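> Below is the structure, and that's it, no one-letter string:
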């Protein structure tokens, strides 16, 4: 068990240190951990042993207390944990608080307050438009370049990676059907996304400026917005997706703090339309992130969506979400929307990868238009870190169970 | 202070006993109260004094513990509180625990988990369809009679009656505008609704049958789904309303238990389309409620929407919301959608009452197409109770502040 002796370049090295919540076998108590290689450090125990003033913030069953503490505390905690796992003088003290990842249970790392999902990849929006409105002229709707389109999802069904996904049942109606039929979805899909986790709340009636993004958002996670396309097609007019999405949304067990991603910040794509001042990021620091996502279906990589191609940034999404005075709460989660790049192998949903089922994927275990029972979908990602080392994001995985 | 000597027929008599949360002047401690006439009974203090086993459930800053306790406990608590305020033998014991309504502060009575809003009045849906799709043929969309259309809203901005509503800012774009403009909404509206409060959770991956409605839902409240029509028109395609609604949703300080509304249960309107089995309520006990709502603008009644005219019942909404396996949590809130009856003076929004501003209301203090700063909107309602006595619902009121 050599946490201090990780191979050089391990994407979960001490430059990363994502936060999660774990419990030990046979124990019901949950506590905050940080990941180092294939180990979990009991963060509260280590902090206590080293006399850190923040130990109490970490001896909690969720990350919410840490999330609420704000950026100064986030930096202090991260600095002291980095020291704990890198300073040889601490080695003997903290080593007893490491546990192999394979020996612990990982839990949903934070209590989700409100969950919002955006729709901020231009390539995804154009693909979806072309598929669903083939005769609709410009595949992008008129509002798309003026504001980050979004909607609220169900916070209570956000689950941690590894949770089995029961195929949802619901109504569907093909245009040729006389009446809707009921049954398990036959067009179950994924959406590869990045989720942003709000730490610091905002007051009701105020808005959060673009430049305050990193004062409020603690970190990010991979997110799979499972989607039942047949249910969605029948229900979504005029109030948007509801049961097609609300059965489950998976997030990683690990929240990567934004501070670990400083070297991954990039300028978003060129803005082709003038933006209203509250969304105009021409003069702000770059709020795009260069995250290289990989989508695997039963172990086979089927797509590699580049997050750097997202038109709207998480800072713009936050500014938009609050511009009407809506308050933020600790634990608010917002998804980027499906990440799709400009190329065919960069599409973040089966809808796009198979062009609504027309061109099934050819996998070693058969063709796939949409997901079959027993299929396992795994999202993973990395970002450029300091000195060229990769920063690994915690994977998010789910297996489809018959509904 | 004669709580036992209420005038006969008081709509907040001992047959009603809605639950709320209050604090006393200068005190920060919140606790559960029940309303009797113009008084609040400190329910925990009374229960303790009478030796009730449920006192601890009531000595809480929200109703959530009571909500989670389930129907048997709900009945026991209600029975003992009814006894406490009607049995002359208890009078001396409980009288010290009454406080005048005017002397206490009322708080949001429960912690909202997920908030869903439906769209279940046929008259409202037809009016909205006719206004927004004047050339669209049938003003009802094809899916409307097959499922209760709904969407998720923002739980974090549900506020208690009396909370000032700051006019939201956002983007709007008239069809004739070349580009969107930003500013305070100029088409701020109300939606008169009834909200249902979930007590008993359900397991993820399971659904709640029509007949189990009253095992899960504790009670109901009036709800005002404030809506910025100009923001909504520009943002809502294709994912539904977002910022047009998320700035605020007001609920009453009082949750009326379903048990107080047994005499108000009615059969919903005739179903004109065959329903899939999970929604087919032909053979179930009636789940409609005869609630007579009143909408007042600056003290003038402008509409009287009848809740009995709602096409989809709260039981159907609950069955639909969970048919995909989505779990329920204690504190989930779902709105009925705007309540509009078949007649002009029964419409539950200014959008419909003024036909999108074309026919402004003539009020003593001027014309109103939509809400102006300083306007106060108050929803109130009553339902038939035992022996013809009315059951009053707690009002929900809000004043518009400049944004």
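Noted; the coordinates are in hand. Please read all numbers here as calculations on a predicted model, not as lab measurements.

> show me where chain A has helices.
Per DSSP state H, chain A has helices spanning A:43-49, A:55-58, A:64-69, A:71-86, A:91-94, A:122-132, A:213-216, A:229-235, A:243-246, A:314-322, A:350-353. These are given in chain order.

> just so I know, which of those lies nearest chain B?
Ranking those by their distance to chain B (criterion: Cβ to the nearest Cβ) puts helix A:243-246 first, at 4.4 Å. Any C-beta I mention is one placed from the backbone N, CA and C, and that applies to glycine too.

> Whatever residue of the stretch 201-350 of chain A ends up closest to chain B: neighbouring residues, count only.
Residue nearest to chain B within the stretch 201-350 of chain A: residue A:240 (2.4 Å; Cβ to the nearest Cβ). Taking other Cβ atoms under 10 Å in any protein chain shown as the neighbour definition, residue A:240 ends up with a count of 27.

> Please apply the same query to residue A:241.
24.

> which residues sit in contact with it?
Residue A:241 sits next to A:151, A:227, A:232, A:235, B:151, B:239, B:240 when contact means Cβ atoms under 8 Å, 6 or more residues apart in numbering or on different chains.

> most residues in a single strand of chain A, which one?
Of all the elements of type strand in chain A, the one with the most residues (DSSP state E) is strand A:390-401.

> chain center to that strand: distance?
Strand A:390-401 has its average C-alpha position 10 Å from the chain's average C-alpha position, going by Cα atoms, centre = their mean, to the nearest Å.

> what lines up beside that strand in the sheet?
For strand A:390-401, the paired strands and their directions (DSSP bridges) are strand A:165-166 (parallel), strand A:376-384 (antiparallel).

> wait, which of those strands is closest to residue B:251?
Comparison of these against residue B:251 by Cβ to Cβ identifies strand A:165-166 as nearest, at 32.0 Å.

> What's the separation between the residue in chain A sticking out farthest from the centre and residue B:142?
Of all residues in chain A, residue A:178 has its C-alpha farthest from the mean position, at 39.0 Å, by Cα atoms, centre = their mean. As judged by Cβ to Cβ, to the nearest Å, residue A:178 and residue B:142 stand 11 Å apart.

> Residue A:186 too?
Counting by Cβ to Cβ, the gap between residue A:186 and residue B:142 amounts to 20 Å.

> for residue A:274, same thing?
Taking Cβ to Cβ as the measure, residue A:274 and residue B:142 are separated by 38 Å.

> Residue A:280: neighbouring residues, count only.
Under the neighbour criterion other Cβ under 10 Å, residue A:280 is assigned a count of 14.

> I figured residue A:312 hits residue A:124, correct?
No. Residue A:312 sits out of contact with residue A:124 when judged by Cβ atoms under 8 Å, with a separation of 11.5 Å.

> Quick check: of the contacts of residue A:241, which lies closest to residue A:371?
Using Cβ to Cβ, the shortest approach to residue A:371 within the contacts of residue A:241 belongs to residue A:227, at 10.1 Å.

> Please parse chain A into its domains.
Per the record, chain A has its domains at A:3-107, A:115-401, by automatic domain parsing.

> low-scoring stretches of the stretch 251-400 of chain A, by residue?
Low-confidence segments of the stretch 251-400 of chain A, defined by pLDDT under 70: none present.

> residues from it in reach of chain B?
By the criterion of Cβ under 8 Å from any Cβ of the partner chain, the positions of the stretch 251-400 of chain A lying close to chain B are A:274, A:276-278, A:320-321, A:323-329, A:332.

> again, only using 6 Å
For the stretch 251-400 of chain A, the contact set with chain B under Cβ under 6 Å from any Cβ of the partner chain comprises A:276, A:324, A:325, A:326, A:327, A:329.

> The stretch 51-200 of chain A now?
By Cβ under 6 Å from any Cβ, the part of the stretch 51-200 of chain A that sits against chain B consists of A:113-114, A:141, A:143, A:146-147, A:149-157, A:166, A:168, A:170-171, A:180, A:182.

> one more time with 7 Å, if that's ok
Proximity of the stretch 51-200 of chain A to chain B (Cβ under 7 Å from any Cβ of the partner chain) is limited to residues A:113-114, A:119, A:141, A:143, A:146-147, A:149-157, A:166, A:168-171, A:180, A:182.

> Now restrict those residues to buried residues only.
When burial is judged by neighbour count using 16 or more other Cβ atoms under 10 Å in any protein chain shown, the buried members of those are A:113-114, A:119, A:143, A:146-147, A:149-157, A:166, A:168-171, A:180.

> what's the nearest residue to residue A:182 if we skip its chain neighbours?
Leaving out its chain neighbours, the residue that sits closest to residue A:182 by Cβ to Cβ, 6 or more residues apart in numbering or on different chains is residue B:276, at 4.7 Å.

> what about that neighbour, distance to residue A:169?
Per Cβ to Cβ, residue B:276 is found 10 Å from residue A:169.

> Pull up the overlap in contacts between these two.
Here residue B:276 and residue A:169 share the contacting residues residue A:182, scored by Cβ atoms under 7 Å, 6 or more residues apart in numbering or on different chains.

> Closest one of the contacts of residue A:241 to residue A:374?
The shortest approach to residue A:374 among the contacts of residue A:241 belongs to residue A:227, at 18.6 Å (Cβ to Cβ).

> what sits against residue A:276?
Under the criterion of Cβ under 7 Å, 6+ apart, the contact list for residue A:276 reads B:171, B:180, B:182.

> oh, I was asking about residue A:44
Under the criterion of Cβ under 7 Å, 6+ apart, the contact partners of residue A:44 comprise A:31, A:32, A:55, A:58, A:59.

> So which of the contacts of residue A:241 belong to strands?
A:151, A:227, B:151.

> Is the second one in contact with residue A:246, as I believe?
No. Taking Cβ atoms under 7 Å as the definition, residue A:227 is not a contact partner of residue A:246, at 10.4 Å.

> Who has more neighbours out of the two?
Between residue A:227 and residue A:246, counted using other Cβ under 10 Å, the more crowded position is residue A:246 (29 against 25).

> So for residue A:372, what's the nearest residue that isn't a sequence neighbour?
In this structure, residue A:372 finds its nearest non-sequential neighbour in residue A:400, 7.0 Å apart by Cβ to Cβ, 6+ apart.

> got it, and residue A:374?
In space, and not counting its chain neighbours, residue A:374 is closest to residue A:400: 6.4 Å by Cβ to Cβ, 6+ apart.

> sorry, back to before: out of the contacts of residue A:44, which is most surrounded?
residue A:32 (26 neighbours).

> Compute the distance between it and chain B, please.
23 Å (Cβ to the nearest Cβ, to the nearest Å).
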